[in-house]
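In: Need the 3D shape of this:
(one chain, ligands or ions: 1)
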Amino acid sequence: MKKVLIIGKNGMLGQELVKIFKQDKNYKVVAWDKEDIDISREKEVAKKISIIHPEIILNAAAYNAVDKCENKKEFEVAKKINGLAPGYLAAAAKKNKAILVHYSSDYVFNGLPEIPEPSGCTHSCGSCGLHADFVPEIGFSENDKPKPVNAYGKTKLLGEKAVAKNTKKYYLIRISKLFGAAALTKDAKKSFFDVMLELGKKNKEVKVVDEEIACFTYAPDLAKKTKEIIDAEKPFGIYHITNTDQTTWYEACVTLYKLAKLKTKIIPVSGEEFPRPAARPYCSVLLNTKLNPLRSYKEALKEYLKK
Ligand SMILES: NC(=O)c1ccc[n+]([C@@H]2O[C@H](COP(=O)([O-])OP(=O)(O)OC[C@H]3O[C@@H](n4cnc5c(N)ncnc54)[C@H](OP(=O)(O)O)[C@@H]3O)[C@@H](O)[C@H]2O)c1
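Out: Numbers count the residues shown, from 1 in each chain. Okay, here's the model as predicted:
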């Protein structure tokens, strides 16, 4: 039986990780959150993890307030949790000969992926005949160079580097736009779909930003895939896990209201109508070149709505 330590057990993802690992008798689950450990305290992390001596550590704890993070003081707090703490966990994992699974974000990228050319085209012409049937896969793959456009993204990138610097036995899983059951914490952030459902029920029309092309990630699907990676002993390194079917916020809302049979009118607007402190990447689709793809977010959303 393998001992797995799940940190961030009350979070949106943490809850699902606990559920999926507890279902398997081959794992003994120890689950912690803020009341059990403060991952931003290096000595506490080293001491508490050595006592538990897990074989696998899953870190789903994070600072996730993207806009608040633009504030200088908050940025310092976020840097400790997202930037430094993953390094402490990685060092503790190495000391205990454990594997570390850490989660990062599409927001480590700048939002402007390169447009691939069809093979054989060497001059970026767009008219050499090779382009006719060529549908480029636009997005960021696992090895693309991160370059965050907001403070939150910077803290997550620091965390990625801290993990890689402190251990070799890690899975760094980048995800985007997580949805699922809300976290069990006091200030739990509702996912986009829950917010839009509430608004759709209260209003005759809603305005939704028709920008930020990316993929949603259903927390239960992500938890299951994480376990599959561990069980299959996949090579260590970076993985991109999201549900398939890229979308803007507006298109996702259209899908949601259709599935929920809401008649609310949806008006697509530009991001300028809802100015926010943190810049958002224009396109942050995460390309998965290593794993079998997950189902479409539309299928996952249908399941979520039934629950
Ligand atoms: N949510 C998204 O859309 C999204 C998108 C891309 C990537 N991600 C990444 O996916 C992972 C999971 O995100 P999530 O949305 O499931 O997170 P979440 O719901 O915010 O849960 C994070 C948990 O970590 C706890 N925590 C915060 N600071 C801690 C500390 N110093 N020590 C111990 N625990 C602490 C939080 O407690 P409190 O709430 O009480 O602070 C909370 O229970 C994170 O790495 C996140 O950055 C999320």
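
In: Check the chain for its longest helix and report it.
Out: helix 151-166 (DSSP state H).

In: mind listing what's buried in it?
Out: Neighbour counts over helix 151-166 (16 or more other C-beta atoms under 10 Å) mark 151-160, 162-164, 166 as buried. Just so you know, the C-beta spots here come from the backbone N, C-alpha and C atoms, and that holds for glycine as well.

In: what's the model's confidence in it, averaged?
Out: Per-residue pLDDT over helix 151-166 has a mean of 98.

In: Closest one of the buried residues of helix 151-166 to the ligand?
Out: Nearest to the ligand among these, counting by C-beta to the nearest ligand atom, is residue 156 at 6.1 Å.

In: what sits against that closest one?
Out: 62, 82, 83, 104, 105, 107, 108, 148 (C-beta atoms under 8 Å, 6 or more residues apart in numbering).

In: pLDDT value on the fifth one, please?
Out: Right, the one you point to is residue 105. 98.

In: cool, the first one as well?
Out: Residue 62 carries a pLDDT value of 98.

In: any idea which helix or strand carries it?
Out: Element membership for residue 62, per DSSP states H and E: none, as it lies in no helix or strand.

In: Spit out the contact partners of it.
Out: Contacts of residue 62 by C-beta under 8 Å, 6+ apart are 8, 11, 81, 82, 103, 156.

In: For the ligand, what is the nearest residue in this structure?
Out: For the chain, C-beta to the nearest ligand atom, closest residue to the ligand: residue 11, 2.2 Å.

In: Quick check: closest non-adjacent residue to that residue.
Out: residue 183 (4.7 Å; C-beta to C-beta, 6 or more residues apart in numbering).

In: about what we covered before: give me the subset of the contacts of residue 156 lying in helices.
Out: Going by DSSP H, the helices hold none of the contacts of residue 156.

In: tell me, which of those make contact with the ligand?
Out: 62, 105 (C-beta under 6 Å from any ligand atom).

In: With that, I have no additional questions.
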